[in-house]
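J.: Generate coordinates for the sequence data below:
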Amino acid sequence: MFLDFIFNAICSHSLEKKREKIKRKIDDVNAYRELAFKEIYDAKEIFNSNLHEISGFLNGIGNEAEINFKPIVQDELYRVAEIIRKSYDLLFIIIDYNAQIKILNYKKNYNKTEINFFKKRKEECYKIIKVLSLSKKKDSRLKWFNEANGTNVKTIDELKGLIDKYYNIDLLIDLCERDLKNYRKIKKLKEYIKMSDKKIHIIYDKIKDIDTKIEKLTGTIFKYVEDYYKLYKDYLEIINKRFNMEDVFPSYNMLINKVEEMEVNRSLLLKEVRSTAKKIKSIKESGEYYSDWNNLIQRNNIARKNYNNIDAEYLSIDKKIKYYKKTFYLLMQNRRKTISALYNNCFKKIVKCKNGGHLIVLNKEHKDSNIFISDYSNNN
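T.: Numbers count the residues shown, from 1 in each chain. Okay, here's the model as predicted:
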């Protein structure tokens, strides 16, 4: 019985010690857990604070871009769309005038052919006159008849009045009448030649008028081509326009000013840290007593702490500035792509040809739809 009692007492004491040990461990775990929870909470607060700061910063950039950048691009897109609309109008006008010139050239070529025809007929007329003139003997025959018969006959009608008095007078009359017919033919041919000269002159006047019209239309076409290139120049001015950072992000200058101010403070604090650290080192190495030692150490610690704080803030702002620059670069790149895409997808181009003239490219894939505009220098 006694032994059992002692054994039980020993076991109870051992169990109590183990219980206390376990309790201490549980308390340690709970304390560690509470500390961990506190660290987690503190970390969460820090991360939330950083997250809010980052979110605020990004939202700020987004808001600035929405307020300043979006209207810029929208305005430029409207202006490029207006350039495209005006350019289409010019292209259709140029095509219409080009068609008019082609029609006038066709008429001009037709008139030239007609003039050549008249010239050919004129040459034929001269040949006929020459042949007929060779057979014209009326005057010499009448002279011979008058000399032989002592008469003074001047016309065929007078000759017919002597028909009963002279031998072979019928043959003479026939010859004279034939000469008279030739004379009438010659006279008619000469009148035709004279009229054809007038007609040729009229046609030449028409051609001259057509040349003037072609010249005027050509001048009009190239005036519109000039207007087209002015519009293209306006487009280039829009797409190549340079923007300052503050045009899109007004708060950028505020960050720049702040970082410049911090650079000055950072430099001063760094100088103070190095100065106090050097003084502390010098005192330690000399082993001399320094009455204001604690104050020096405290001052050094405060300077280091302030430097670390300002350095961290400086790096944070510097990072934001870099982000601003990167965002600005991407916005400008996207602006250029957007404007260029609108222009190139909708626009029909006029291309200067090496050998003269211009080509209106209406469809890159279907070259047959393209229209060539001559400079008409050969025709003028």
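
J.: Could you use CA atoms for every contact and neighbour count after this?
T.: Will do.

J.: Surely Asn146 and Glu158 touch.
T.: No. Contact criterion C-alpha atoms under 8 Å: Asn146 and Glu158 do not qualify, at 11.6 Å.

J.: For these two, indicate the residue with more neighbours.
T.: Set side by side, Asn146 and Glu158 give different neighbour counts by other C-alpha atoms under 10 Å, the larger being at Asn146 (14 against 11).

J.: ok, and the closest non-adjacent residue to that one?
T.: Asn152 (5.5 Å; C-alpha to C-alpha, 6 or more residues apart in numbering).

J.: Please report how far that neighbour lies from Glu237.
T.: With distances defined as C-alpha to C-alpha, to the nearest Å, the gap from Asn152 to Glu237 amounts to 99 Å.

J.: What helices and strands are in contact with the longest helix belonging to the chain?
T.: Assignment by DSSP state H gives helix 169-239 as the longest helix of the chain. Contact here means 3 or more C-alpha pairs under 8 Å, 6 or more residues apart in numbering; DSSP states H and E; on that basis helix 169-239 packs against helix 70-134, helix 138-149, helix 156-160, helix 293-346.

J.: Tabulate the ones you listed (TSV), appending mean pLDDT and distance to Ala43.
T.: Supplementary listing: these in TSV, determined by pLDDT from 0 to 100; distance: least, C-alpha to C-alpha, whole Å:
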stretch	mean pLDDT	distance to Ala43
helix 70-134	82	38
helix 138-149	78	138
helix 156-160	76	142
helix 293-346	77	17
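
J.: Mind putting these into a markdown table with distance to Lys230?
T.: Formatted as a markdown table, the entries for the helices and strands packed on helix 169-239 read as follows, by distance: least, C-alpha to C-alpha, whole Å:
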| stretch | distance to Lys230 |
| --- | --- |
| helix 70-134 | 10 |
| helix 138-149 | 78 |
| helix 156-160 | 82 |
| helix 293-346 | 15 |
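
J.: mind listing what the residue nearest to Thr220 when sequence neighbours are not counted touches?
T.: For Thr220, the nearest residue in space outside its immediate sequence neighbours is Tyr97; the separation is 8.0 Å by C-alpha to C-alpha, 6+ apart. With contacts defined as C-alpha atoms under 8 Å, 6 or more residues apart in numbering, the neighbours of Tyr97 are Leu217, Thr218, Thr220, Ile221.

J.: Could you report the distance from the first one to Glu226?
T.: When C-alpha to C-alpha is applied, the distance between Leu217 and Glu226 equals 14 Å.
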